[in-house]
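**Student:** A predicted structure for the sequence below; I have some questions about it.
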Amino acid sequence: MNRKQHKTTRSGTSKKSLILKISAMLVASLLISLTAYGIYLAKKAESAADNSYEAIHDRAGSELREEAVKPLEDNVSILFIGVDDSEARGQGEGNSRSDALMLATLNNKDKTVKLVSIPRDSLVYIPEVGHKDKITHALAYGGTKASIETVEELLDVPVDYYVRMNFNAFIDVVDALDGIYAHVPYDRLEKDENDIYSIQLKEGYQKLDGREALALARTRKLDNDIERGKRQQEILSAIMKKASSASSFTKYGDVIDAVGDNMKTDMTFSEMKSFIAYIKDGAPQVDTLSLEGSDDMSTGVYYWLLDEESLNETQDVLKSHLGLNPDASSYSDSGSETDSTEFAKEDDLDNNE
């Protein structure tokens, strides 16, 4: 090899070495940045969780449990309470009603979720007052505790945790995730968070921002509470899907800010972290359940009269999923399941934006 060839080879080797060094430095910098961001998010989330924590007075746990549950080991349930605290309706703190009630059961073994929506006008027994009324009124009668006790009385399963969130948090969380995808069943001008008709919904499967998602979750004038409940289930599933996607990692800070003072829960930060296992491989399988029934105006007041057979079936399914009634049949064979084809469609729509 002559001197010129040797010089060229050495120069090529030096360039390759330099590229490798630069690449290694970039990777190291990226890892350090991601680690630092992860630590920042953890600290931020812990602070938000501490601010959101609100234990229920005189309730150490569900009376339907023999001992306290551990999310890392046990099947648990979470009651989601959507609250309308809007000044437009004169429903400030202490006088709020639950605009959405959904109970989720989480199976620790297979990391699946069953989600039942409870129509707000369901006529149920409310232990706090000792008589039947619309389940939406339980919150006004006795706060979160009364809502929890009413749901336990209705479904005959323990409520291990609750998450109470108002409309502002809902809107901000969806916006922080850069919107969600959902089916809009019809064209309709719907009310916004201030009860003003300003949200124009358009029929079809589409991307929605926070205010549009809230309008979709609340609309029911052209169908009924059962369909409304199904929409709320779809929206919650869509939020779970978006939050568990890798593309949302950089948005977590905004999501934490969105929750802020607009959420209350009796879950500690340590308990919240236990649920990460349910989304580590992507969004979990979510089976949705509905409480069938019929309209009733016989008293001059509208109620949703629950069908006893449907209620009993739902009770059995939830008990089975929580491991409280192993002999009950699984709902997975006949229930509505999160459709992965829709998620693929979302990715294609996002890539085209």
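**Tutor:** Cool, got the structure.
**Student:** pLDDT averaged over stretch 303-322 - what is it?
**Tutor:** Across stretch 303-322, the average pLDDT comes to 95.
**Student:** same deal with stretch 187-207?
**Tutor:** Mean predicted lDDT for stretch 187-207 stands at 91.
**Student:** can you check stretch 255-271 too?
**Tutor:** So the average pLDDT for stretch 255-271 ends up being 84.
**Student:** how about that stretch: buried residues?
**Tutor:** Buried positions in stretch 255-271, judged by neighbour count with 16 or more other Cβ atoms under 10 Å: Val255, Ile256, Ala258, Val259, Asn262, Met263, Lys264, Thr265, Asp266, Met267, Glu271. Just so you know, the C-beta spots here come from the backbone N, C-alpha and C atoms, and that holds for glycine as well.
**Student:** Span of that stretch from start to end?
**Tutor:** End-to-end span of stretch 255-271 (Cα to Cα, to the nearest Å): 18 Å.
**Student:** Ends of stretch 232-251, what's the gap?
**Tutor:** 23 Å.
**Student:** One more: stretch 197-215?
**Tutor:** Stretch 197-215 has an end-to-end distance of 10 Å (Cα to Cα).
**Student:** Report the distance from that stretch to the chain centre.
**Tutor:** Relative to the chain's own centre, stretch 197-215 is displaced by 18 Å; criterion: Cα atoms, centre = their mean, to the nearest Å.
**Student:** hang on, the earlier thing: columns distance to Ser198 on top of the buried residues of stretch 255-271, output as TSV?
**Tutor:** TSV is the format used below for the buried residues of stretch 255-271 (distance: Cβ to Cβ, whole Å):
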residue	distance to Ser198
Val255	25
Ile256	28
Ala258	21
Val259	25
Asn262	21
Met263	25
Lys264	28
Thr265	31
Asp266	35
Met267	35
Glu271	39
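**Student:** Of those residues, which belong to strands?
**Tutor:** Using DSSP state E, the subset of the buried residues of stretch 255-271 located in strands is Met263, Lys264, Thr265.
**Student:** Among those residues, which one lies nearest to Tyr302?
**Tutor:** Distance to Tyr302 across those (Cβ to Cβ) is lowest for Lys264, with 29.3 Å.
**Student:** Surely the closest one and Ile56 touch.
**Tutor:** No - using Cβ atoms under 8 Å, Lys264 makes no contact with Ile56, being 9.9 Å away.
**Student:** what's the overlap in contacts for those two?
**Tutor:** Thr144 (Cβ atoms under 8 Å, 6 or more residues apart in numbering).
**Student:** low pLDDT regions in the stretch 51-200 of the chain?
**Tutor:** Counting by pLDDT under 70, the stretch 51-200 of the chain has low-confidence residues at 85-95.
**Student:** Let me see the ranges of the helices in it.
**Tutor:** Taking DSSP state H, counting those that start in this stretch, the helices of the stretch 51-200 of the chain run over residues 138-155, 167-176.
**Student:** For the ones you listed, could you give me JSON lines that also reports mean neighbour count and distance to Ser244?
**Tutor:** Formatted as JSON lines, those follow (neighbours: other Cβ atoms under 10 Å; distance: least, Cβ to Cβ, whole Å):
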{"stretch": "helix 138-155", "mean neighbour count": "22", "distance to Ser244": "26"}
{"stretch": "helix 167-176", "mean neighbour count": "22", "distance to Ser244": "14"}
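**Student:** who wins for proximity to Leu189 among those helices?
**Tutor:** Short answer: helix 167-176, nearest of the helices of the stretch 51-200 of the chain by Cβ to Cβ, at 18.1 Å.
**Student:** Just checking the distance from that closest one to the centre of its chain.
**Tutor:** Centre-to-centre, helix 167-176 and its host chain are 12 Å apart (Cα atoms, centre = their mean).
**Student:** Please apply the same query to stretch 127-145.
**Tutor:** That offset, for stretch 127-145, works out to 23 Å (Cα atoms, centre = their mean).
**Student:** got the end-to-end distance for that stretch?
**Tutor:** For stretch 127-145, the first-to-last residue distance is 10 Å (Cα to Cα).
**Student:** How about residues contacting it?
**Tutor:** So stretch 127-145 is contacted by 54, 56-59, 81, 83, 94-99, 101, 118-126, 146-147, 149-151, 153-154, 162, 164, 264, 303 (Cβ under 8 Å, 6+ apart).
**Student:** repeat that with 6 Å
**Tutor:** Stretch 127-145 is contacted by residues 56, 59, 95-98, 120-126, 146-147, 149-150, 153, 162, 164 when judged by Cβ atoms under 6 Å, 6 or more residues apart in numbering.
**Student:** The stretch 151-300 of the chain: strands as residue ranges?
**Tutor:** Counting by DSSP state E, counting those that start in this stretch, the stretch 151-300 of the chain has strands at residues 161-166, 180-184, 188-191, 197-201, 204-208, 263-265, 286-290, 293-296.
**Student:** helices or strands next to the fifth one in the packing?
**Tutor:** This means strand 204-208. When contacts are defined as 3 or more Cβ pairs under 6 Å, 6 or more residues apart in numbering; DSSP states H and E, strand 204-208 packs onto strand 180-184.
**Student:** Who does the strand it packs on pair with, and is each partner parallel or antiparallel?
**Tutor:** strand 204-208 (antiparallel) (DSSP bridges).
**Student:** Could you list the buried residues of the strand it pairs with?
**Tutor:** Residues of strand 204-208 classed as buried: Leu208 (neighbour count, 16+ other Cβ under 10 Å).
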